[in-house]
Every structure is written in C-alpha cells, then in structure tokens.
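Student: Structure for this input, please:
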Amino acid sequence: MKNLIIVIGLLVLFTACKNNVQNINAQSTDVINMDTLAYEMKSIKRDTVVNGASEYDTTSIELIYPLFDMNSALGKQLNDSMIKRVSLIGEENESGYLSMQSIVDDFMQQYKSYVEESPMDFPWYNQSEINVLNNNSNIISFRMALESYTGGAHGSHYVIFDNYNRKTNTLIKIEDVLKDKHDKALLEIGEFYFKQIREIPQKESLQENGAFEAGWLDENQKAGFYFNDNFTIDKDNLTFYYNEYEVSSYAFGPTELKIPLEKIRPYLKNSFGF
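Tutor: This is a model prediction of the structure:
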C-alpha cells in the first residue's frame, strides 16, 4: 500500500511538471508571435494584348508583396514603402501612387499609349516580388526582386534590400551596422569574399577583372572595393547586393556578397540581435 501511494505521488508530480513545461512553451510561442509584425502575402496579375499589337505580344504585370496591418503605424509605413519600391521600376511617374492596383492600371495605360504612338509593338512586362526575410522585435527586413522591360536593348533587373529598426521605426543604414565601412582591414575581408564569389583569383586585382574601376559611377570615385548601402543582416551573414552597372558593365552582371558574421564581429556596431 505504501509503495502504491509513492507511485501515485510520482505520477501526480510528473503530470504537474509536464503541464508546467507545456505552459512555458505556450508562453514562449505567444512572445514570439507578439515580437513579429503581422502581414499576409498578396498578388496582383494582369495580362493583355493591346489593340494594334502582335497577336502573340502579351504585355503583363505581376506584383507579389506583403500587406501589413494598416492599424499599425509601422505597418502603414511599410505598406507605403512597398508601393514606392515597386513604382521605381519601369515607371516614369515615381511617386503619387496610392496602391499597388494604381501601379498596375498606370502600367497598362502607359503601354496602351506607347502602342498608339509608336510604330514598334514590343510587349512590356513588370515582375516585382517582395519577400520578408527577418521579422522579430529588433528588425524587419525585405528582399525585393524587380524585373521589367519597357523598351530598349534589354530589360532592367534589380534586387533591393530594406531593413527597418523595430525600436525606432526607421530605415537602417550601413553606418548603423558597421563601425567604419571604410576600415581598411574590413574592406580587405569584403574584397576577399567578393573575389571568392566571382571566382576571381585572390592575387589579381578587381580592376584587372573590370570591376570597381576609378570613376565608374562618379568621376571622384577611387578605384577599389567598397561597401554599398544595399544590404541585409541575419544570424549568419551580412549580405550586400551589387546590381547591374553598379561596379562594372552590364555583362559583368550582379553580385550577391555574403560575409560571415563570425569573420567581422569586431567591426560591427550593431548586429540587431543576431
């Protein structure tokens, strides 16, 4: 009888401990959910063959983006920033849009006007996709892949990173992450990984391979590797993206540069919890 009482007591104690663990896990999940900013993914797509254009020349536009809670000040700010980012690609009017739908409508109207006024009837396209990379109590980050064609020899392709400080609701600049982006030792690390990803021999200069030449975008620009402002940070890497034409000719193409955080921790001002 005494042994039975002991066994029952141990079962009660085990059940109580299990329930406590479940409650702790539930509380932890609630905290995580509270730390993230709520959103849902949306998409708008329209295809059309404009009168006067070739039967097979279909102009299309597709926008994929996160929509945040408009009742949140930061949510409204982020929704506005999504519209501004998408409207920069393939549009003469770079401001004044109130919604994604207005961008779609204007894109189609511009193509209709183009067909009516031009002897050429090349189809246009705009494909824009915005995805959330980080979403926690410290930082929310986006990767925007934007591609369009509105005439010319080739289309436009961009990848743009944006990062917002959740504490201040402000856009994070590279100066907020790095102590000194001009630090010589830090630049050498960046150049090392740039050459590695582009398969450039470490003993060769970037300029020998047609990149980071003096005066490429600015006549006052010196030759040599530099960190741009198109970046994002996560638990593993500080990632930079150099778009077409940014460091070399169109043929050189874009470069996504990942630098392991473990290699540059001493140079970080803020890792935003990563």
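Student: Helices along this structure, start to end?
Tutor: In the chain, the helices defined using DSSP state H lie at 2-35, 73-87, 100-117, 174-177, 184-197, 261-264.
Student: which stretch in the ones you listed has the least confidence?
Tutor: Least confidently modelled of the helices of the chain is helix 2-35, at a mean of 42 by mean pLDDT.
Student: Show me how far stretch 69-86 is from its chain's centre.
Tutor: Centroid separation for stretch 69-86 versus its chain: 15 Å, with C-alpha atoms, centre = their mean, to the nearest Å.
Student: which of the residues in it are buried?
Tutor: Neighbour counts using 16 or more other C-beta atoms under 10 Å place Leu74, Gly75, Leu78, Asn79, Ser81, Met82, Ile83, Arg85, Val86 of stretch 69-86 among the buried residues. C-betas here are computed from N, CA, C, even on glycine.
Student: Stretch 259-274 now?
Tutor: Under the neighbour-count criterion of 16+ other C-beta under 10 Å, stretch 259-274 has Ile259, Leu261, Ile264, Tyr267, Leu268, Ser271, Phe272, Phe274 buried.
Student: Repeat that for stretch 249-259.
Tutor: Phe252, Thr255, Leu257, Ile259.
Student: OK, contacts around the spatially most central residue of the chain?
Tutor: For the chain, Arg143 is the residue whose C-alpha lies nearest the centre (C-alpha atoms, centre = their mean; 1.6 Å). If a contact means C-beta atoms under 8 Å, 6 or more residues apart in numbering, then Arg143 has Ile130, Asn131, Leu133, Val159, Ile160, Phe161, Thr232 as its contacts.
Student: Kindly report the domain assignment for the protein.
Tutor: As assigned by automatic domain parsing, the chain contains the domains 1-35, 39-172, 175-267.
Student: The second one spans what distance, first to last residue?
Tutor: Counting by C-alpha to C-alpha, to the nearest Å, you get 20 Å between the two ends of domain 39-172.
Student: Filter the contacts of Arg143 down to the buried ones.
Tutor: Using 16+ other C-beta under 10 Å as the burial test, the contacts of Arg143 include Ile130, Leu133, Val159, Ile160, Phe161, Thr232 as buried.
Student: can you name the two of the buried residues of stretch 69-86 that are farthest apart?
Tutor: Leu74 and Val86 (18.9 Å; C-beta to C-beta).
Student: Tabulate the contacts of Arg143 (CSV), appending distance to Phe192.
Tutor: Converted to CSV, the contacts of Arg143 look like this (distance: C-beta to C-beta, whole Å):
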residue, distance to Phe192
Ile130, 31
Asn131, 29
Leu133, 24
Val159, 22
Ile160, 25
Phe161, 21
Thr232, 20
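Student: Out of those, flag the one nearest to Gln109.
Tutor: Taking C-beta to C-beta as the measure, Ile130 is the one of those closest to Gln109, at 23.0 Å.
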